[in-house]
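Whatever this is, show me its structure:
(one chain, ligands or ions: 2)
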Amino acid sequence: MQIPESARRWVEEIAAITTPDHVVWCDGSAEEHARLTAEAVKTGVLIPLNQERMPGCYLHRSHPNDVARSEHLTFICTATKDAAGPNNNWMDPGEARTKVGALYTGVMKGRPLYVVPFLMGPPGSPFSKVGIEITDSVYVVLNMRIMTRMGAVALDHLKGRDHFIRCLHSLGELDPEKRFILHFPEDNEIWSIGSGYGGNALLGKKCLALRIASWLGKQEGWLAEHMLILGVQTPAGDTHYVTGAFPSACGKTNLAMLVPPPELAEAGYKVWTVGDDIAWLRPGADGRLWALNPEAGFFGVVPGTSMKTNPNAMRAIATNTIYTNVALRSDGTVWWEGHDDPSPDDALDWQGRPWSPTSAEPAAHPNARFTAPAAQCPSISPLWADPNGVPIDAMIFGARRQRVVPLVYQATTWQHGVFLAATLASETTAAAAGKVGVLRRDPMAMLPFCGYNMADYWGHWLEIGAHLSKAPKIFRVNWFRTGGNGKFLWPGFGENLRVLQWVIDRCSGKGEAERTFIGYVPTRRAIDRQGIDVPDTVMDQLLHVDRIDWLDAVESQQLFFEKFGAHVPGAIMEEHEALARRVAEALQNFE
Ligand code: OXD
Ligand code: MN
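Ligands and ions are numbered 1, 2, ... in the order given. Presented below is the predicted three-dimensional model:
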């Protein structure tokens, strides 16, 4: 491995502060993987699963207070508070370095310090970025080995230059009072302490590939987004690539790995998975927007995953997977709520306590996770690691909304699409600590991940659009609308391909739609329902645009925009005012 001098010096500096037992430079080799896995098993960090039934699979149980991202402890440390914006917690960089820096003194005593060079994006791509993570957690190293291209490949990509993002992580005392996830975008640096949870500790993911990358994207003319990327192959044999932005735990992994329902599979449809969580998007020389998955693995929510909901994920996680916080059955296999097998009579829950179907609490934590190599997914696209990425035809923005938002509708222009994305709101899930089911605005599904002032970020989106002569079409979707009985109206999962069919049709100037005051809504018969039991009355409910609901929505948007003051781009306010006018007109026509 060709280690840049600046990296060597930085590691020495950190080792002098954190005083580890010894320093281990990770090269990503198979030998190293076997050694670190054995070490993790010996220290109880990993529990080997039944190696005959689940080769290469292990279980990790986290500290019970460390099971999700800690958004309230996540900070953007820019010179001015304004640069971070009201969407972020902010700490002055000097104060952060003093206050949180003190927590690193002697913190690795008695533990090894691992140096993990990693590459976000395919080797050889001019768009890939290199990070180096220092960590005292072998669990983090083993996860990073799945989620990124780790070791020599990353340093080789540097070709001796020192253009890498410094990522410093320590488990600290796993004390929520001493837990911080800090980003210094102006210095290309990340500090995390006090948590081993994926989104807080695998620093290549949310911290680098979204928060720091969104900042870099603003400087360099690209976008880092919380999006899946998939390809829909039509019976004609052409493949249309679509990105999908959804808040955490709203089904991005399921959608990315969608299996066409029998009627559509027979007709010749196929779905290819390019990525399930993060997309880096760049205008190409051809005027199109190109998307690249910077990750090499999936860190997905386990509960609810089954052969019915996501057979591709089930196959992807059958081998070489790290499970975190699921239940352990007596035969050394794992189980969770929503698994295909019935509840086990006796198992150990995610905390290792005896569990039976009569137990009051779930066996797996609701945010239990799998970490699995992307290449193991049966639907992985042949282009998933292409250095240029894939050209995007459509972008969909989805959220969890029981009411108000129709199954799907299309923006009239790029500017209108940016506005639709900026006003995304969703009911909260277990992926972040805090209350579940509360409606919050989550623009572009990036609220927890945008590394700078969100209103400036909307401006950057508008600017990107100006560089695209063949911009993707933008859509809002909502699989989660419920009827009077509280049940979902739309069957979801594989059937979502029917919505994607309409989306793709619209991109090629087909697909029936009605222009409403919120955008183009499909007509009742525009979405193919052959083979599913969704009667006309239900379709009407799914597509209904209610004037009174939208009057409330406009008011709530107004309050949200006010938080960002003068940073909100004029074009976004124009769209907001135009919507308010159209809703008022619709109400008048109704009266
Ligand atoms: C994730 C998240 O882990 O969004 O992908 O929380
Ligand atoms: Mn995510």
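
buried set for stretch 99-107?
Of the residues in stretch 99-107, those buried by neighbour count under the rule 16 or more other C-beta atoms under 10 Å are 100, 103-104, 107. No exception for glycine: its C-beta is placed from N, CA and C like everyone else's.

One more: stretch 544-552?
Burial within stretch 544-552, assessed by neighbour count using 16+ other C-beta under 10 Å, is assigned to 545, 547, 550.

Mark which of those residues are part of helices, please.
Cross-referencing the buried residues of stretch 544-552 with the helices (criterion: DSSP state H) gives 547, 550 as the overlap.

Which positions in stretch 570-585 come out as buried?
Buried residues in stretch 570-585 (16+ other C-beta under 10 Å): 571-572, 575-576, 579-580, 582-583.

Of the residues you listed, which is the nearest to ligand 2?
residue 572 (24.5 Å; C-beta to the ion).

Check which helix or strand the closest one maps to.
Assigned by DSSP states H and E, residue 572 belongs to helix 570-590.

quick one: which helix or strand includes whichever residue of the chain sits closest to ligand 1?
Of the residues in the chain, the one nearest ligand 1 is residue 248, at a distance of 3.1 Å by C-beta to the nearest ligand atom. Assigning secondary structure by DSSP H and E places residue 248 outside every helix and strand.

how much space is there between it and residue 298?
Note on residue 248: its distance to residue 298, by C-beta to C-beta, to the nearest Å, is 14 Å.

Please say which of the two ends up with more neighbours.
The residue with more neighbours, out of residue 248 and residue 298 and counting by other C-beta atoms under 10 Å, is residue 298; that gives 27 against 23.

Thought residue 131 was touching residue 167, still the case?
Yes: when contacts are counted by C-beta atoms under 8 Å, residue 167 is listed as touching residue 131 (5.1 Å).

which residue sits closest to the one residue in the stretch 301-450 of the chain that gets nearest to ligand 2 in space, ignoring its chain neighbours?
Of all residues in the stretch 301-450 of the chain, residue 431 sits closest to ligand 2, at 7.0 Å by C-beta to the ion. In this structure, residue 431 finds its nearest non-sequential neighbour in residue 248, 3.3 Å apart by C-beta to C-beta, 6 or more residues apart in numbering.

which residues does the one you found contact?
69, 429, 431-432, 445, 448 (C-beta atoms under 8 Å, 6 or more residues apart in numbering).

what about the residue of the stretch 301-450 of the chain closest to ligand 2, how many neighbours?
Should you count by other C-beta under 10 Å, residue 431 turns out to have 21 residues around it.

How about residue 445?
Counted with other C-beta under 10 Å, residue 445 comes out at 24.

Identify the contacts common to residue 167 and residue 131.
Contact with both residue 167 and residue 131 is made by residues 203-204, 208, according to C-beta under 8 Å, 6+ apart.

how much space between the residue nearest to residue 431 and residue 320?
Distance from residue 248 to residue 320, counting by C-beta to C-beta: 24 Å.

what do you get for residue 244?
Distance of residue 244 to residue 320, given as C-beta to C-beta: 26 Å.

neighbour count winner among these two?
Neighbours were tallied for residue 244 and for residue 320 using other C-beta under 10 Å; the higher tally belongs to residue 244 (28 against 19).

Next, the contact list for the more buried one, please.
Under the criterion of C-beta under 8 Å, 6+ apart, the neighbours of residue 244 are 227-230, 252, 255-256, 395-398, 477.

Quick check: residue 257 touching residue 314?
No: applying C-beta under 8 Å as the test, residue 257 and residue 314 come out as separate, 9.5 Å apart.

Quick check on the two: which one has the bigger neighbour count.
Under the neighbour definition other C-beta under 10 Å, residue 257 and residue 314 were set side by side, and residue 257 has more, 29 against 18.

How about that one: what's its closest non-neighbour residue?
The shortest distance from residue 257 to any residue other than its chain neighbours is 3.8 Å, reached at residue 312 (C-beta to C-beta, 6+ apart).

Tell me if I'm right that the one you found and residue 273 touch.
Yes: Residue 312 lies in contact with residue 273 (C-beta under 8 Å); the separation is 7.0 Å.

Mutual contacts of those two, please.
Here residue 312 and residue 273 share the contacting residues 257, 377, 379, scored by C-beta under 8 Å, 6+ apart.

what's the distance between the second one and residue 265?
Just to be clear, that refers to residue 377. Note on residue 377: its distance to residue 265, by C-beta to C-beta, is 17 Å.

ditto for the last one
When distances are taken as C-beta to C-beta, residue 379 and residue 265 turn out to be 12 Å apart.

Which neighbours do these two have in common?
Common neighbours of residue 379 and residue 265 are listed as residue 259 (criterion: C-beta under 8 Å, 6+ apart).

neighbour count winner among those two?
Regarding residue 379 and residue 265, a neighbour count based on other C-beta under 10 Å identifies residue 379 as having more, with 21 against 14.

how far away is the more buried one from residue 406?
In this structure, residue 379 lies at 28 Å from residue 406, with C-beta to C-beta as the measure.

how about residue 403, what does it touch?
Counting by C-beta under 8 Å, 6+ apart, the residues that residue 403 touches are 481-482, 549.

now do 7 Å
481, 549 (C-beta atoms under 7 Å, 6 or more residues apart in numbering).

Local confidence estimate at residue 571?
With respect to pLDDT, residue 571 has a value of 98.

show me what contacts it?
Contacts were defined as C-beta under 7 Å, 6+ apart; by that measure residue 571 touches 415, 462.

likewise residue 130?
Under the contact definition (C-beta under 7 Å, 6+ apart), the residues listed for residue 130 are 117, 119, 154, 157-158, 163-164.

Take these and keep only those in helices.
154, 157-158.

which of those has the most neighbours?
Within the ones in helices among the contacts of residue 130, most neighbours by other C-beta under 10 Å means residue 154, with 27 neighbours.

is it true that that one touches residue 115?
No: shown here, residue 154 and residue 115 do not form a contact pair, counting by C-beta atoms under 7 Å, at 10.9 Å.

which residues touch stretch 109-120?
For stretch 109-120, with C-beta under 7 Å, 6+ apart as the criterion, the contacting residues are 11, 15, 18-26, 128-136, 141, 144, 148-151, 153-155, 157, 204, 208-209, 294.

From those, list the buried ones, please.
Once neighbours are counted (16+ other C-beta under 10 Å), the buried part of those comes down to 11, 15, 18, 20, 24-26, 128-136, 141, 144, 148-151, 153-155, 157, 204, 208-209, 294.

where exactly do the strands run in the stretch 351-500 of the chain?
Per DSSP state E, counting those that start in this stretch, the stretch 351-500 of the chain has strands spanning 354-355, 369-373, 390-398, 408-410, 425-427, 439-441, 473-477. These are given in chain order.

Close to ligand 1: what parts of the protein are there?
Proximity of the chain to ligand 1, by C-beta under 6 Å from any ligand atom, involves residues 69, 198-199, 248, 277, 299, 431.

Can you tell me which of those residues end up in helices?
If you go by DSSP H, those have 198-199 in helices.

Just put the residues of the chain next to ligand 1 in TSV and tack on pLDDT.
Shown next, in TSV, are those (pLDDT from 0 to 100):
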residue	pLDDT
69	94
198	95
199	95
248	89
277	97
299	97
431	76
